[in-house]
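> Got a predicted structure plus its sequence, pasted below:
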Amino acid sequence: MAKKQQGGRRKFLARGAALVSGAAMLKGAGAEGLAGEAWERVYGAGFTRYGQPSRFEQAVGRYIAQPYGEMAPGSGSALCPIEALDGIITPTSVHFIRSHSGSPDIDPKLHRLYIHGLVERPLRFSVDALSRYPMTTRIYFIECSGNSLRALTAQPAQVPAGGMHGNVSCNEWTGVPLRVLLEEAGVQPQAKWLLAEGADSAHMSRSVPLEKALDDALIALYQNGERLRPEHGYPVRLLLPGWEGNMSVKWLRRIKLTDGPTHTKDETSKYTDPLPDGRALQFTYEMGVKSVITRPSSTMQLAGTGFHEISGIAWSGAGRIRRVEVSTDGGQTWAEAALTGAERAKALVRFRHPWQWKGAAAVLQSRATDEKGSVQPARREWQARFAPDIRFHNNSIVSWAVGTDGSVKNVYA
Amino acid sequence: MSAQQLAGFDISIPPSGAGLPAGSGTARDGLKVYEQKCLACHGAKGAGKPADALAGGVGSLASKAPVRTVGSFWPYATTLFDYVRRAMPITNPLSLNDDEVYAVSAYVLFINGIIGEDVAMNAQTLPQVRMPNRDGFISDWPPRSRN
């Protein structure tokens, strides 16, 4: 089956190449009969200090959601255009942003990180001092636990995939393991949690179990090789791999070791998961196994029948992705997709599946399974576990309907 | 690092109230602060819009239309003091003095019917306030099975 589709792809690509080169020869023929477009006949642009994408790619950008409008323009999120990207690493410039009171303009010479509370030696670090510690580099996804909130509206929104599911991104992060700094401070035996606090004007704060801090928590200073961007926590942020993004406190200014959780606003009134009986789950940290097809996806238009690669991203806060299955018939049958990056835990995986579209209506879905055996749940099954106003941790299966006209729409299947 | 270097930074307040500063305020005092600094976003008597509603919704959490406010949902009154002091008002955080934070916290508790208008909130009384939804949360840490 796969072999036949590959053959179809080769024919399709060969036909396309012939059309393109034929057009270029006609249009580009110069006085001497030599082929070449206009840009091949003039000297190219000079150098730039800091690169930008092609001017023809200006449509690619984050989707900005401001629930409080101009009253609080930095409160909300800017979602990653996942449908416009390929591969595993998110370009820093379109990594999603979630901030509560905008991005502060921090002078790294003045910024300090305090570690205090139940420690033997309270410590204060400048950014220069932190930068002298041995560094670790890792690739991790971050997902806001409010990602896919827009996929919970009564009617399916007809917006690009990133506008609904783009509060996830994957970068290479470099910094100092938090464990190293805590060992230097000397954690007292009665310390079981820590409070992490940002230097933004909301002083966003979350309680973190000590187990996580001593496991894989990173005090990140670099992102995709350069210093953190302001919107991602410059000059120093906490990174808690696989856990809800809100806990990876940006603009980190203070870590206080405590004997219990502080019960901050963002771990009680928000970022808790309400249940149908009126109670709410608190401290639901790990992001569930999840995947979404990015191409083709909502609002796209298939260029014609024949070969289309179904491609998307998958991730799990519990570790590695073991399997991603793709369905083109609304979940009646599933086929295993090819994975790139599956050796990496808590990072985006790229999946690909060859598909011959014959022109009939189809419903495309993907379903991820992680190394712990957790399987991405169906939408209805996931929703039934929670109160009607559940906003967080939606990792349910996403469905895109392909019409006979090649249009791709968001549907609840 | 000395305690003096940390002064002014250690602003997180747990349910025990440890770290609450000196100072005091009643809902009657808090109404003035609320009208000047909070009402434009949170509405009269905490009705909300454009920002979150602060009052109402008690008894609605198990219904088909839950209303989650400080009164109906927040488990601890200390969180109210902590959050107002660190983050509010949104355009001018860290600008309220401790008496004002106690007073406006008292006002928000009062409009939810949780305390009386003349009950002073301070380091001793605030942690003793029992919120209606105090027992409404189930800790998922250490994690139970999900998915």
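Great, that's in hand.

> burial count for residue 35?
Just going to use chain A. When counting by other Cβ atoms under 10 Å in any protein chain shown, one arrives at 13 neighbours for residue A:35. In this view, the C-beta of every residue, glycine as well, is placed from N, C-alpha and C.

> Hmm, no, I was thinking of chain B.
Other residues close to residue B:35 by other Cβ under 10 Å number 12.

> That one should be in a strand, yeah?
No. Membership of residue B:35 in a strand is not supported by DSSP: H, G, I helix; E, B strand; the rest coil, which gives helix.

> List the residues that contact it.
The contact partners of residue B:35, by Cβ atoms under 8 Å, 6 or more residues apart in numbering or on different chains, come to none.

> what's the answer for residue A:236, then?
Contact partners of residue A:236, counting by Cβ under 8 Å, 6+ apart, are A:111, A:113, A:127, A:130, A:175, A:219-221, A:228, A:251-252.

> now whichever residue of chain B sits closest to chain A, nearest residue through space, not along the chain?
Each residue of chain B has a distance to chain A, by Cβ to the nearest Cβ, and the smallest belongs to residue B:62, at 3.2 Å. Of all residues not flanking residue B:62 in the chain, residue A:278 sits nearest, at 3.2 Å (Cβ to Cβ, 6 or more residues apart in numbering or on different chains).

> Would you confirm that that neighbour contacts residue A:388?
No. Assessed by Cβ atoms under 8 Å, residue A:278 is found out of contact with residue A:388, at 11.5 Å.

> what touches both of those two?
Taking Cβ under 8 Å, 6+ apart as the criterion, residue A:278 and residue A:388 both touch residue B:66.

> So the two - more neighbours on which side?
Ranked by neighbour count (other Cβ under 10 Å), residue A:278 and residue A:388 place residue A:278 first, with 17 against 12.

> Give me the below-cutoff pLDDT ranges for chain B.
Low-confidence segments of chain B (pLDDT under 70): B:145-147.

> mind listing the strands for it?
Read by DSSP state E, chain B holds these strands, from start to end of the chain: B:24-25, B:121-122, B:137-139.

> Out of those, which one sits most buried?
strand B:121-122 (a mean of 26; mean count of other Cβ atoms under 10 Å in any protein chain shown).

> list the helices and strands that strand packs on?
Strand B:121-122 makes packing contacts with strand B:24-25, helix B:98-111 when contacts are defined by 3 or more Cβ pairs under 8 Å, 6 or more residues apart in numbering or on different chains; DSSP states H and E.

> go again using 10 Å as the cut-off
Helices and strands touching strand B:121-122, as assessed by 3 or more Cβ pairs under 10 Å, 6 or more residues apart in numbering or on different chains; DSSP states H and E, comprise strand B:24-25, helix B:27-37, helix B:77-87, helix B:98-111.

> Point me to the helix or strand that includes the residue nearest to residue B:62.
Taking DSSP states H and E as the criterion, residue A:278 maps to no regular element, lying outside all helices and strands.

> ok, it - contacts?
Taking Cβ atoms under 10 Å, 6 or more residues apart in numbering or on different chains as the contact definition, residue A:278 lies against A:387, B:59-63, B:66, B:72-73, B:133, B:136.

> What parts of the stretch 1-150 of chain A come near chain B?
Proximity of the stretch 1-150 of chain A to chain B (Cβ under 10 Å from any Cβ of the partner chain) is limited to residues A:67-69, A:71-72, A:74-75, A:100-102, A:112, A:114-117, A:121-125.

> what does the stretch 301-413 of chain A give?
With the criterion set to Cβ under 10 Å from any Cβ, the stretch 301-413 of chain A comes near chain B through A:316, A:318, A:370, A:372-377, A:382, A:385, A:387-391, A:393, A:395-396.

> Which among those residues count as buried?
In those, burial by neighbour count holds for A:316, A:318, A:370, A:374-377, A:382, A:387, A:390-391, A:393, A:395-396, counting by 16 or more other Cβ atoms under 10 Å in any protein chain shown.

> and of those, the nearest to chain B?
Of all these, the one sitting nearest chain B is residue A:374; the distance, using Cβ to the nearest Cβ, is 4.4 Å.

> How about the contacts made by the residue of chain B closest to chain A?
When contacts are counted by Cβ under 10 Å, 6+ apart, residue B:62 is found next to A:274-279, A:387, B:136.

> Could I get the residues you listed in CSV, plus columns for distance to residue A:63?
Converted to CSV, these look like this (distance: Cβ to Cβ, whole Å):
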residue, distance to residue A:63
A:274, 26
A:275, 30
A:276, 31
A:277, 35
A:278, 33
A:279, 33
A:387, 27
B:136, 34
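
> Share the number of residues neighbouring the closest residue to residue A:177 other than its chain neighbours, please.
Setting aside the residues directly before and after it, residue A:177 is nearest to residue A:136 in space (Cβ to Cβ, 6+ apart), at 5.6 Å. Residue A:136 is surrounded by 15 other residues when neighbours are defined as other Cβ under 10 Å.

> Residue A:136 against residue A:241, yeah?
No. The pair residue A:136 and residue A:241 does not pass the contact test of Cβ atoms under 10 Å, sitting 11.3 Å apart.

> Please work out the average pLDDT along stretch A:328-343.
Mean pLDDT, stretch A:328-343: 98.
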